[in-house]
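Engineer: Only the shape, not the letters, is given here:
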């Protein structure tokens, strides 16, 4: 450790110190904190996959106050004392990006972190995937999210409908007006959680113009021109943002990137998305949501029809072709499909991922037809991910894909990425 500290001090221009998986333990953290505190230029430190535990994080805290980016993924952080120490860094320091995925947060830990989170003026990205959040923990943190936060990642946490409702309340209250990337994949939301979230998003209409763009979970798909992507290109689609990343939208413009992948949804959950303000969503990821043909048809109907859906006082979605009651049950008739001069819910959508959604030929044909038949429907769309759906084997679907690509020059359609398992395993484990 003495050699490392000497090297740190000798490199006066060092900005990023990467100590990932270097076998560090809590025993060396006090000495490392001293070296970091005495270095003027280091702004990013990666300590992921070291067995630091709560005592190590507490010992490190005084040396982390100058940092802008901190990565402590998989460091054994789990107790109230550890999260409280991290809260001190948020309150007294300058952190803009925090990666603390794959640690363990109890309700006591959430209570310890929440006050610091609420008072932090610098944090822009909070990545807490696989931290074991309970619905109660999610509620505690949702009430404390800072207004300047741009990226929130709660992937594979036990947020549930209750946590989604708390997050919706924060959205409605305007506490997340800067949010541009929201990752809730594998959170057990179900229809009830998505209905609650849609209600929250419906309340941010006035903020939509001020939200800057982001891709699906840091996607770098970009504009690849016309044509489908096969399995050899799949790794470049919807990749996870780097430790200091999570910013820019490959296709430019404004909007919110919403990742709901891995949350099984019925048609009712899909229908709730009608209430999202037109132009708000830049990308929508529904990978592995088990939508089936009914969900595909609901998406097609949302794309085809105008929407003026709102949530009434009783929590019902009204004024649209589909309605959802408090229990999340779909009711009401279908729309006429006429635009009527009203903006559509997906009018600003640039990226749509419905891979591995149990869609057969019937559902895929409905979705592709909705995109093909009206050039004004999702006019900004640049990327559609269909991989991993059984219906892609149909000759009719293949012809429909070709027809859509003829009608929409520049639209990228991913059909075969799951052949190598890349999309199929992205949310596993």
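Structural biologist: Right, received. Where do you want to start? Predicted model only: the values in this text are computed from it and were never measured.

Engineer: For the rest of this, base every contact and every neighbour count on C-alpha atoms.
Structural biologist: Noted.

Engineer: mind listing what residue 172 touches?
Structural biologist: 199, 200, 201, 202, 203, 204 (C-alpha atoms under 8 Å, 6 or more residues apart in numbering).

Engineer: I meant to write residue 98 there.
Structural biologist: So residue 98 contacts 69, 70, 71, 72, 123, 125, 126, 127 (C-alpha under 8 Å, 6+ apart).

Engineer: Leaving out sequence neighbours, find the closest residue to the fourth one.
Structural biologist: Taking C-alpha to C-alpha, 6 or more residues apart in numbering, and ignoring the residues beside it in sequence, residue 72 has residue 48 as its nearest neighbour in space, at 4.6 Å.

Engineer: Show the backbone phi and psi for the one you found.
Structural biologist: phi -60, psi 150 (degrees, to the nearest 10).

Engineer: Just give the closest residue to residue 365, not the sequence neighbours.
Structural biologist: Residue 365 sits nearest to residue 397 (C-alpha to C-alpha, 6+ apart), 6.0 Å away.

Engineer: Pretty sure that neighbour sits against residue 389.
Structural biologist: No: contact criterion C-alpha atoms under 8 Å: residue 397 and residue 389 do not qualify, at 11.0 Å.

Engineer: Could you check the pLDDT of the residue nearest in space to the middle of the chain?
Structural biologist: With distances taken as C-alpha atoms, centre = their mean, residue 183 lies nearest the centre of the chain, 2.0 Å away. In this model, residue 183 is scored at 98, pLDDT.

Engineer: hang on, the earlier thing: residues contacting the residue nearest to residue 72?
Structural biologist: Residue 48 neighbours (C-alpha under 8 Å, 6+ apart): 19, 20, 21, 71, 72, 73, 74, 75.

Engineer: residue ranges for the helices of the stretch 51-200 of the chain, please.
Structural biologist: Per DSSP state H, counting those that start in this stretch, the stretch 51-200 of the chain carries helices over the ranges 53-60, 80-92, 107-119, 135-142, 160-172, 190-202.

Engineer: And those helices: which comes nearest residue 280?
Structural biologist: helix 190-202 (8.5 Å; C-alpha to C-alpha).

Engineer: Just the angle for that closest one relative to helix 160-172, thanks.
Structural biologist: With axes from the mean of the first three to the mean of the last three C-alpha atoms, to 10 degrees as the basis, helix 190-202 and helix 160-172 are set at 0 degrees to each other.

Engineer: How far away from the center of its chain is helix 190-202?
Structural biologist: 15 Å (C-alpha atoms, centre = their mean, to the nearest Å).

Engineer: Averaged pLDDT, it. What do you get?
Structural biologist: 95.

Engineer: contact partners of it?
Structural biologist: Counting by C-alpha under 8 Å, 6+ apart, residues outside helix 190-202 touching it are 160-165, 167-172, 263-266, 268-270, 272-273, 275-277, 310-311, 327-328.

Engineer: ditto for stretch 365-380
Structural biologist: Counting by C-alpha under 8 Å, 6+ apart, 296-297, 299-301, 303-304, 344, 346-350, 396-397, 400-401, 403-404, 407-408 sit against stretch 365-380.

Engineer: do the same with stretch 70-80
Structural biologist: 44-54, 57, 83, 95, 97-106, 108-110, 112, 243.

Engineer: Span of it from start to end?
Structural biologist: 19 Å (C-alpha to C-alpha, to the nearest Å).

Engineer: before we move on, back to that, buried only: go through the contacts of stretch 365-380 for me.
Structural biologist: Among these, those classed as buried by 16 or more other C-alpha atoms under 10 Å are 296-297, 299-301, 303-304, 344, 346-350, 397, 400-401, 404, 408.

Engineer: How many residues are close by residue 13?
Structural biologist: Using other C-alpha atoms under 10 Å, residue 13 is surrounded by 12 other residues.

Engineer: So residue 304 versus residue 392, what's the distance?
Structural biologist: For residue 304, the distance to residue 392 - C-alpha to C-alpha - is 22 Å.

Engineer: err, residue 401, not the other one
Structural biologist: From residue 401 to residue 392 the distance is 9 Å (C-alpha to C-alpha).

Engineer: Over to residue 344?
Structural biologist: Where residue 392 is concerned, residue 344 sits at a distance of 27 Å (C-alpha to C-alpha).

Engineer: how about the residue nearest to residue 350 when sequence neighbours are not counted, what does it touch?
Structural biologist: Beyond its immediate neighbours in the sequence, the residue positioned closest to residue 350 (C-alpha to C-alpha, 6+ apart) is residue 381, lying 3.8 Å away. Counting by C-alpha under 8 Å, 6+ apart, residue 381 touches 348, 349, 350, 351, 352, 411.

Engineer: does residue 381 sit in a helix or strand, and which one?
Structural biologist: Residue 381 belongs to no helix or strand when assigned by DSSP states H and E.

Engineer: next SSE after the helix or strand of the chain at the bottom of the mean pLDDT ranking?
Structural biologist: When the helices and strands of the chain are scored by mean pLDDT, DSSP states H and E, strand 227-229 comes last with a mean of 37. Proceeding C-terminally, strand 227-229 gives way to strand 256-259 as the next helix or strand, assigned by DSSP H and E.

Engineer: on that earlier part again, what about the residue nearest to residue 72, distance to residue 147?
Structural biologist: From residue 48 to residue 147 the distance is 27 Å (C-alpha to C-alpha).

Engineer: do the same with residue 80
Structural biologist: Counting by C-alpha to C-alpha - residue 80 and residue 147 are separated by 24 Å.

Engineer: where does the stretch 151-300 of the chain dip in pLDDT?
Structural biologist: For the stretch 151-300 of the chain, the stretches flagged by pLDDT under 70 are 205-253.

Engineer: please redo it, this time with the cut-off set to 80
Structural biologist: Scanning the stretch 151-300 of the chain for pLDDT under 80 picks out 203-254.

Engineer: returning to that earlier point: now the contacts of residue 172 in a markdown table, with neighbour count and distance to residue 357?
Structural biologist: Listed next are the contacts of residue 172 as a markdown table, based on neighbours: other C-alpha atoms under 10 Å; distance: C-alpha to C-alpha, whole Å:
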| residue | neighbour count | distance to residue 357 |
| --- | --- | --- |
| 199 | 26 | 24 |
| 200 | 25 | 25 |
| 201 | 24 | 24 |
| 202 | 23 | 25 |
| 203 | 22 | 28 |
| 204 | 21 | 28 |
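
Engineer: Show me which of these is closest to residue 415.
Structural biologist: Checking the contacts of residue 172 one by one against residue 415 (C-alpha to C-alpha), the nearest turns out to be residue 201, at 30.2 Å.
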